[in-house]
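Colleague: sequence below, structure please.
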Amino acid sequence: THTHTQTHHPRPDFFAFFLKFWKKKKTMKTTDSAAAQPSKLAHISVEKTAQINKMNEMPRPHGARRAAMLKDHPEINSLRGTEPWSMPLILLCVGVQLTMAVVVPQYGLLASVLAVYLVGAVISHATWVMVRCRRGNGGALSLS
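Modeller: Here you go, the predicted model:
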């Protein structure tokens, strides 16, 4: 009988490679020279925190404007509430987006980019506006 012997070529083990790479990356971060240098991210986060604190101290005119508008035009309150057509419109928008995701790529890259930019972005924006208005009655105006 003939026994077939195969030479075994070990495949590179991705997990072992990843662990080796990760350990090397961790030891590079914890060297003494790296620890002595100030972190660039720390500087950015301090700058960003100062920026956020400055923004929080700025006056917020929306509440005063809303109160003045409601005082001058109390009929605005009758427009508040959830529009009953918003849920079917949200579902329609999502359905159109899913249909576009399946159909449009068949027409090539240029058609896909144009469809995403011209149609998809508008539908996406409309969807999230309606979701936000339905979610909390946050200023949702009725169409009726």
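Colleague: okay, CA-based contacts and neighbour counts for the rest of this
Modeller: Fine.
Colleague: can you pull out the low-pLDDT segments for the chain?
Modeller: Counting by pLDDT under 70, the chain shows low-confidence ranges at 1-44, 136-144.
Colleague: and the helices in it?
Modeller: 14-29, 32-36, 40-57, 62-72, 86-103, 109-115, 121-136 (DSSP state H).
Colleague: nearest to residue 79, of those?
Modeller: helix 62-72 (11.5 Å; CA to CA).
Colleague: between the helices of the chain, which one is closest to residue 80.
Modeller: Nearest of the helices of the chain (CA to CA): helix 121-136, 10.1 Å.
Colleague: which other helices and strands does the closest one contact?
Modeller: helix 86-103 (3 or more CA pairs under 8 Å, 6 or more residues apart in numbering; DSSP states H and E).
Colleague: coming back round to it: distance to residue 78 and mean neighbour count for the helices of the chain - can I get that in JSON lines?
Modeller: Shown next, in JSON lines, are these (distance: least, CA to CA, whole Å; neighbours: other CA atoms under 10 Å):
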{"stretch": "helix 14-29", "distance to residue 78": "60", "mean neighbour count": "11"}
{"stretch": "helix 32-36", "distance to residue 78": "62", "mean neighbour count": "9"}
{"stretch": "helix 40-57", "distance to residue 78": "32", "mean neighbour count": "10"}
{"stretch": "helix 62-72", "distance to residue 78": "11", "mean neighbour count": "11"}
{"stretch": "helix 86-103", "distance to residue 78": "18", "mean neighbour count": "14"}
{"stretch": "helix 109-115", "distance to residue 78": "38", "mean neighbour count": "14"}
{"stretch": "helix 121-136", "distance to residue 78": "16", "mean neighbour count": "15"}
